[in-house]
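[1] Show me the folded form of this:
(one chain, ligands or ions: 1)
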Amino acid sequence: MLTAEEIMHKYLKFFEGKGHAIIESKPVIPENDPTVLFTTAGMHPLVPFLLGQPHPAGKRLANVQKCLRTDDIDEVGDASHHTFFLMLGNWSLGDYFKKEAIEMSWEFLTGKEWLGIPKDRIAVTCFAGDADAPRDDESARVWESLGVPKERIYFKGKKDNWWGPAGLTGPCGPDTEMFYYTGVKERDCDQDGCGPGCHCGLWVEVWNDVFMEYNKTKDGRFERLSQKNVDTGMGLERTAAVMQGAKSDYETELFLPVMEWIRSKSAKYDEKSARIIADHLRAAVFVLADDRGVVPSNVEHGYILRRLIRRAIRHARTCGISGSICGEIAEIYIRIYGDMWPELAKNREFVLRELWLEEKRFAETLERGMREFERIAAHCGGTISGKDAFLLYQSYGFPIEITEELARERGKGVDKHGFEEELARHQEISREGTKHKFASGLADFSEKTVRLHTATHLLQAALRKVLGESVQQKGSNITPERLRFDFTYGQKMTPEQIRQVEDLVNGWIRQGISVRRKEETIEEAREEGALAFFAHKYGEKVSVYEIPGASKEVCTGPHVSNTSEIGHFKIVKEEAVSAGVRRIKAVVEQG
Ligand code: GLY
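    Below is the predicted model:
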């Protein structure tokens, strides 16, 4: 019986043997990716390379990437869906394509020295074709040549067999998916339509090979990329369950100690609630352990984190757990994952403190909020009004999704649109801003975003000049409208310091400096004084962006080619995020 760790090692060894360079996992909170709040798939950190930029490690890569997706959050509680998960992936950047990718997948899945899954328990799906891209008969032929019978090869449309882009635009393409026959139905389904992709649980998807040869443009067209890429994704949790003959991912060693703890504390144990608690708190631990200045809050990353923690606490009440849960569960996860993911142990105190603070904040209002909710639900008819949902949010700290979930459990709805209007009115944020907060993909690699990205490098350099070299980046998030930059510094900046920083940045912009990119090992980059605050593997080749005379940073880009393209730089806000971490919001205006 293979453990998850053994599966991971086998996977990396297999692909290393096929000429792939093993690259490190990037943080769950993207380093400089303006397109999304979280790394939702292994492709995110690789987008510039899928678009044609040469990757310093070569054309064949493999990794295990920490991912966080909230689109499947309503499925969490079943056997195999998660918010946070670990994804094994192999990548071809303009190197091999369908035939080799599928052959390698098959060998790894069924080969005796690898996973050795019986061939007759596997079915596959291929893209059925539509107006944007043709039917993928090529993949089907490769599967047949490997001995997969025709009746085990299904064709499906875009909803099922298309992957990407990561944000609104970018690399994407049809995929072929591999399913394992579990033999266990978790839910009823339509017998006739049952097969791979059916939600009953009889078939579970373990791997997909995406053939990324398209680029989705802003106006929704699919144009050919300059190179044909392969992006595969194999969920480690699901694969571990398959290899261990476990009925769900929660019975594997990746979750089991936490599930047992929850059971031991529950007065009225509920399996689905326990899975939600286990899933959400694992996600929260990994997000906090990234140590990128993200703490529970009402906006963006912080809001997702808050939702995860509060929903877990709410479900702990469903299980009849009375005391606090977050700290002890986090400790168990740090024990389970700490060896492989050293950031968990390194940031243990920060993780525990933030979880404790958030649990304390929510626990203070949860009981009263639940009473208020029951009162509202009893009198609302079929739908809870936007005003009442807002009251629960504002006065009792109920994220709208919790109100919706509670309402659903009682067969009622919530006027979410009304809630968003209330929220916009009260927080004086535009409706657009509200929408953004609820979406996971924010922007794209638009010109505006790229200008702000280069401005972020100049800002960091200016901050280190004005406030001192101890300033370290904690996180950044960029949309076409503004940049946000978190950094270590103990005090509020004075108006004079803010002006000095703006002047320095605008000075560099006026000088019209060419931005240069080169590739070197992380040690060479550091020796030359490039800023590289995020963990990199020894000897790993990285790209370094230099703005001579101003800044030099390890970064995947993209950037403008000359600082004169940026526009006028202006800081619009400087505030505290947490103890010792400040946040700047800034914009650029085209002159
Ligand atoms: N390989 C694409 C994904 O599953 O994320």
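[2] which stretches of this structure aren't confidently modelled?
    The model of the chain has pLDDT under 70 over residues 32-35, 427-445, 533-539, 591.
[3] Wait, a strand at Tyr180?
    Yes - counting by DSSP: H, G, I helix; E, B strand; the rest coil, Tyr180 is found in a strand.
[4] That one reaches Lys119, doesn't it?
    No - shown here, Tyr180 and Lys119 do not form a contact pair, counting by C-beta atoms under 8 Å, at 11.3 Å. Quick note: C-beta positions are derived from backbone N, CA and C, even for glycine.
[5] Surely Ala97 and Phe211 touch.
    I think there's a mix-up here, since residue 97 is Phe and not Ala. Yes - using C-beta under 8 Å, Phe97 is in contact with Phe211, at 6.6 Å.
[6] now the helices for the stretch 251-400 of the chain?
    Remark: helices assigned in the stretch 251-400 of the chain by DSSP state H, counting those that start in this stretch are 256-265, 271-289, 300-318, 326-337, 342-346, 348-379, 386-396, 400-409.
[7] residues in this structure within reach of the ligand, list them.
    41-42, 163, 208, 210, 231-233 (C-beta under 6 Å from any ligand atom).
[8] For the ligand, what is the nearest residue in this protein?
    Residue nearest to the ligand within the chain (C-beta to the nearest ligand atom): Gly233, separated by 2.8 Å.
[9] helix or strand for that residue, which one?
    strand 222-235 (DSSP states H and E).
[10] Show me which positions of that strand end up buried.
    222, 225, 227-235 (16 or more other C-beta atoms under 10 Å).
[11] One more: stretch 74-85?
    By neighbour count with 16+ other C-beta under 10 Å, stretch 74-85 contains the buried residues 76-85.
[12] now swap in stretch 21-28 and tell me
    Quick answer for stretch 21-28 (16+ other C-beta under 10 Å): 21-23, 25-28.
[13] Give me the helices and strands touching the next helix or strand after the strand holding Gly233, please.
    As assigned by DSSP H and E, the chain's next helix or strand after strand 222-235 is helix 236-244. Helices and strands touching helix 236-244, as assessed by 3 or more C-beta pairs under 8 Å, 6 or more residues apart in numbering; DSSP states H and E, comprise helix 4-17, strand 84-93, strand 203-216.
[14] what's in contact with helix 236-244?
    1-4, 7-8, 64, 79-80, 82, 85-88, 115, 117, 180, 182, 204-207, 246-249, 251-255 (C-beta atoms under 8 Å, 6 or more residues apart in numbering).
[15] out of those residues, which are buried?
    2, 4, 7-8, 64, 79-80, 82, 85-88, 115, 117, 180, 182, 204-207, 246, 248-249, 251-252, 254-255.
[16] And stretch 532-546, end to end?
    End-to-end distance of stretch 532-546: 12 Å, with C-alpha to C-alpha, to the nearest Å as the criterion.
[17] circling back to that earlier point, for the strand holding Gly233, what is the distance to the chain centroid?
    18 Å (C-alpha atoms, centre = their mean, to the nearest Å).
[18] That one packs against which elements?
    helix 47-50, strand 84-93, helix 98-110, strand 170-181, strand 203-216.
[19] strand partners of the helix or strand following the first one, parallel vs antiparallel please.
    Beyond helix 47-50 on the C-terminal side, the first helix or strand identified by DSSP H and E is strand 60-68. Paired with strand 60-68 in the same sheet, following DSSP bridges, are strand 21-22 (parallel), strand 84-93 (antiparallel).
[20] can I get the ones you listed in a markdown table with distance to Ile325?
    Output for the strands paired with strand 60-68, formatted as a markdown table (distance: least, C-beta to C-beta, whole Å):
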| stretch | distance to Ile325 |
| --- | --- |
| strand 21-22 | 36 |
| strand 84-93 | 17 |
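[21] now for those strands, which one comes closest to Ala284?
    strand 84-93 (8.4 Å; C-beta to C-beta).
[22] Using PDB, write down the CA coordinates of the closest one.
    What follows is strand 84-93, C-alpha atoms only, in PDB (Å, rounded to 0.1, in the frame of the first residue of the first chain):
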ATOM      1  CA  PHE A  84      -6.600  23.000  -0.900                       C
ATOM      2  CA  PHE A  85      -4.900  20.100  -2.600                       C
ATOM      3  CA  LEU A  86      -1.500  18.900  -3.800                       C
ATOM      4  CA  MET A  87      -1.200  18.400  -7.500                       C
ATOM      5  CA  LEU A  88       1.400  16.300  -9.200                       C
ATOM      6  CA  GLY A  89       2.200  17.700 -12.700                       C
ATOM      7  CA  ASN A  90       4.400  17.200 -15.700                       C
ATOM      8  CA  TRP A  91       4.900  19.800 -18.300                       C
ATOM      9  CA  SER A  92       6.000  20.000 -21.900                       C
ATOM     10  CA  LEU A  93       6.800  23.500 -22.900                       C
END
